[in-house]
Structures are given as C-alpha cells and as structure tokens.
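Asks: Pasting the sequence and the predicted coordinates here, then a few questions.
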Amino acid sequence: MQRQRKVDAEVAARQLVSEGKVKLYVFRPSGRSVWIVVGRHRDYLVMPSVPYCTCDDFFFRVLNNEKPHCYHLLAVRMASESGAYEVIEESDDWYWQLIWEWLDWSRK
Ligand SMILES: [Zn+2]
C-alpha cells in the first residue's frame, strides 16, 4: 500500500514536470525566488528547502506524518534537478501581492 502510493506520487509529479507546471519566479532586482506549481484549482507555493507546500495534502497528511511529501514537492525536486522548469521574472513590486495570493490567507 505504502509503495503503491509512493509510485502514484512519482507518476503525478513527473506529469506536472512534463506538462510545464513547475515555475520559478525570480523577483528583480532583489533576486528573491519562489517555486510555484500550477494546480488544477490554484497555484501552490512550494519551498523545497523547508520543506513546505501550500496544498491540503501537505497540511493534512505530510504534517500528520502519513506521508513524507506531497507530489508538488517531488515535482519541484525533479524539475530543479533536470532543469525542466520555466523561469518567470517579476518586479519586486509584485512580491508581497503574489505571496499573499499563493499563501491564500484570504481563504480563512
Ligand atoms: Zn503540495
């Protein structure tokens, strides 16, 4: 069961990478960068170094130790290793507005 779930996560992550859903936003001039995975309903902010992801799966299952990571984290790791991600440059003026949207604090 555990193994099956791991395989599914890897398949899902690879699909995200191959569909170009992994983006690295780089803010100028500061050079701050943020990983984003484009999901079906919204975008997810992913911090592989923490690790952290804003999806429900991460919240309810990873933080409960039911699984080691969500597939967005896997996708970012795969993309960063293979270079298969899109770099989007934004002005620093947009940084906080975008972070707020990605963190979805307005949700509740
Ligand atoms: Zn996630």
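Replies: Arrived safely.
Asks: For stretch 73-83, buried residues please.
Replies: Leu73, Leu74, Ala75, Val76, Arg77, Met78, Ala79 (16 or more other C-beta atoms under 10 Å). Any C-beta I mention is one placed from the backbone N, CA and C, and that applies to glycine too.
Asks: ok, so what distance separates the first one from Leu45?
Replies: What that stands for is Leu73. Separation of Leu73 from Leu45 (C-beta to C-beta, to the nearest Å): 11 Å.
Asks: what do the two both touch?
Replies: Listed contacts common to Leu73 and Leu45 are Cys53; contacts here mean C-beta atoms under 8 Å, 6 or more residues apart in numbering.
Asks: Tell me which of the buried residues of stretch 73-83 fall in helices.
Replies: Using DSSP state H, the members of the buried residues of stretch 73-83 that fall in helices are Leu73, Leu74, Ala75, Val76, Arg77, Met78, Ala79.
Asks: Tell me who's in contact with the fifth one.
Replies: If I follow you right, that is Arg77. Pro48.
Asks: got the contact list for Pro68?
Replies: Val62.
Asks: anything in the helix or strand harbouring Asp8 sitting right up against the ion?
Replies: In this assignment (DSSP states H and E), Asp8 forms part of helix 2-18. No - using C-beta under 5 Å from the ion, helix 2-18 stays clear of the ion, coming no nearer than 9.8 Å.
Asks: Could I get the average pLDDT for that helix?
Replies: When pLDDT is averaged along helix 2-18, the result is 84.
Asks: Pull the residues that contact it.
Replies: Helix 2-18 is contacted by residues 22, 37, 67, 69-72, 74-75, 78-79, 82, 84-85 when judged by C-beta under 8 Å, 6+ apart.
Asks: quick one: buried residues of it?
Replies: Ala9, Ala13, Arg14, Leu16, Val17.
Asks: Tell me how far the nearest residue to Ser91 once chain neighbours are set aside lies from the ion.
Replies: Closest residue in space to Ser91, ignoring its immediate chain neighbours: Arg28 at 6.2 Å, by C-beta to C-beta, 6 or more residues apart in numbering. Here Arg28 is placed at a distance of 27 Å from the ion (C-beta to the ion, to the nearest Å).
Asks: Could you tell me the phi and psi values at Arg28?
Replies: phi -120, psi 140 (degrees, to the nearest 10).
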